[in-house]
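K.L.:
Can you look at this prediction? I've put the sequence above it.
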Amino acid sequence: MSKRIETTDLNVYYGNFRAVEDVTITIEPRAVTAFIGPSGCGKSTFLRTLNRMHEVIPGAHVEGEVLLDGENLYGPGVDPVRVRRQVGMVFQRPNPFPTMSIKENVLAGIRLNNKRMPKDDQDALVESSLRGANLWEEVKNRLELPGSGLSGGQQQRLCIARAIAMSPEVLLMDEPCSALDPISTLAIEDLIAELKQKYTIVIVTHNMQQAARVSDTTAFFNIAGTGAPGKLIEVGPTDKIFSAPDVQATEDYISGRFG
Ligand SMILES: Nc1ncnc2c1ncn2[C@@H]1O[C@H](COP(=O)(O)OP(=O)(O)OP(=O)(O)O)[C@@H](O)[C@H]1O
């Protein structure tokens, strides 16, 4: 279920502007990898290349390969819709479909993919996905009510349940807690620790303590100045990056000297 991601010299563009330069990284399965770095260094841009979401922006493109267990996601004939099923994504702001019930939200991806499913199977998938997102006990008696009636933290777990329902191999999370209060943030962090037993997880975070708490590996991105491309400066075990990084810029960022 969980797969390894590898990129080699990946360059990411918005039109002529190269936003991210030459990223070579291996992201291990059944582990959490955190992307950290100052604003504008390309963390989110790079993250979106891992499930072919980057190219939905007009003029945006990628040079290089992203391998998922050896398969190039940018190879000829690869269907980006299939890639986005395999590599799920959770965004900064919880974005349940507001007019849909909790249950319909969980099933939304399946329905969008035109998968027909007997009602019993649907119910089982809704329950297992909501359990997987640590939300079942809180919502099991109101599955038919709108997802938008949940708290922010519950909505984010609903979005995670919606992603899990697609049986992805990888979960990408772009600052999933930045709109949440501390209690909801801890609930999501606990959930991430559980999810990594099954999935490859990549999380973009501005919160250094969060990166230290949840991730096994940390990748530090940086940018030389406005208009310059973002680069991967250093990647390694989170303990090492936070205690004895190899590069001075990493240490400066972690210790709050810039960014
Ligand atoms: N849709 C877009 N069109 C053109 N340029 C973009 C677009 N989105 C981002 N960029 C540019 O790409 C660069 C990287 O942005 P990105 O959002 O990936 O950085 P980030 O590290 O995730 O920043 P933050 O931490 O502030 O979210 C920036 O220079 C940004 O202005």
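P.N.:
Received the coordinates, thanks.
K.L.:
Residue 61 is in contact with residue 45, isn't it?
P.N.:
No: here residue 61 does not reach residue 45: they are 11.6 Å apart, not a contact under C-beta atoms under 8 Å. In this view, the C-beta of every residue, glycine as well, is placed from N, C-alpha and C.
K.L.:
what sits in contact with each of the two?
P.N.:
12, 54 (C-beta atoms under 8 Å, 6 or more residues apart in numbering).
K.L.:
Please list the residues of the stretch 151-259 of the chain that sit near the ligand.
P.N.:
Residues of the stretch 151-259 of the chain found near the ligand (C-beta under 6 Å from any ligand atom) are residue 230.
K.L.:
how close does the nearest residue to residue 212 once chain neighbours are set aside get to the ligand?
P.N.:
Nearest residue to residue 212, sequence neighbours excluded (C-beta to C-beta, 6 or more residues apart in numbering): residue 242, at 5.3 Å. Separation of residue 242 from the ligand (C-beta to the nearest ligand atom, to the nearest Å) stands at 19 Å.
K.L.:
Just confirm residue 242 is within a helix.
P.N.:
Yes: Residue 242 sits within a helix when classified using DSSP: H, G, I helix; E, B strand; the rest coil.
K.L.:
and it, how many neighbours?
P.N.:
Number of residues near residue 242 (other C-beta atoms under 10 Å) recorded here: 20.
K.L.:
again with residue 17
P.N.:
By the criterion of other C-beta under 10 Å, residue 17 has 11 neighbours.
K.L.:
tell me the contacts of it?
P.N.:
residue 227.
K.L.:
Who is it paired with across the strands?
P.N.:
When bridges are called by DSSP bridges, residue 17 pairs up with residue 14.
K.L.:
what's the pLDDT at it?
P.N.:
Note for residue 17: predicted pLDDT of 96.
K.L.:
same check, this time on the one 5 residues further on
P.N.:
pLDDT for residue 22: 97.
K.L.:
Three-state assignment for it, please.
P.N.:
For residue 22, the secondary-structure state derived from three-state DSSP is strand.
K.L.:
Without its sequence neighbours, what residue ends up closest to it?
P.N.:
residue 9 (4.8 Å).
K.L.:
Look at the one you found and say how many residues are nearby.
P.N.:
Close neighbours of residue 9, defined as other C-beta under 10 Å, add up to 11.
K.L.:
That one is in contact with residue 24, isn't it?
P.N.:
Yes: at 5.8 Å, residue 9 counts as touching residue 24 under the criterion of C-beta under 8 Å.
K.L.:
closest point of the stretch 51-200 of the chain to the ligand, which residue?
P.N.:
Scanning the stretch 51-200 of the chain for proximity to the ligand using C-beta to the nearest ligand atom identifies residue 57 as nearest, at 4.9 Å.
K.L.:
hmm, back to that, who are the contact partners of the residue nearest to residue 22?
P.N.:
22-24, 64.
K.L.:
any chance of the residues you listed in JSON lines, plus neighbour count and distance to residue 33?
P.N.:
Formatted as JSON lines, these follow (neighbours: other C-beta atoms under 10 Å; distance: C-beta to C-beta, whole Å):
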{"residue": "22", "neighbour count": "15", "distance to residue 33": "18"}
{"residue": "23", "neighbour count": "23", "distance to residue 33": "13"}
{"residue": "24", "neighbour count": "12", "distance to residue 33": "14"}
{"residue": "64", "neighbour count": "16", "distance to residue 33": "18"}
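K.L.:
With distance to residue 38 as added columns, please give those in TSV.
P.N.:
Output for the contacts of residue 9, formatted as TSV (distance: C-beta to C-beta, whole Å):
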residue	distance to residue 38
22	18
23	16
24	21
64	23
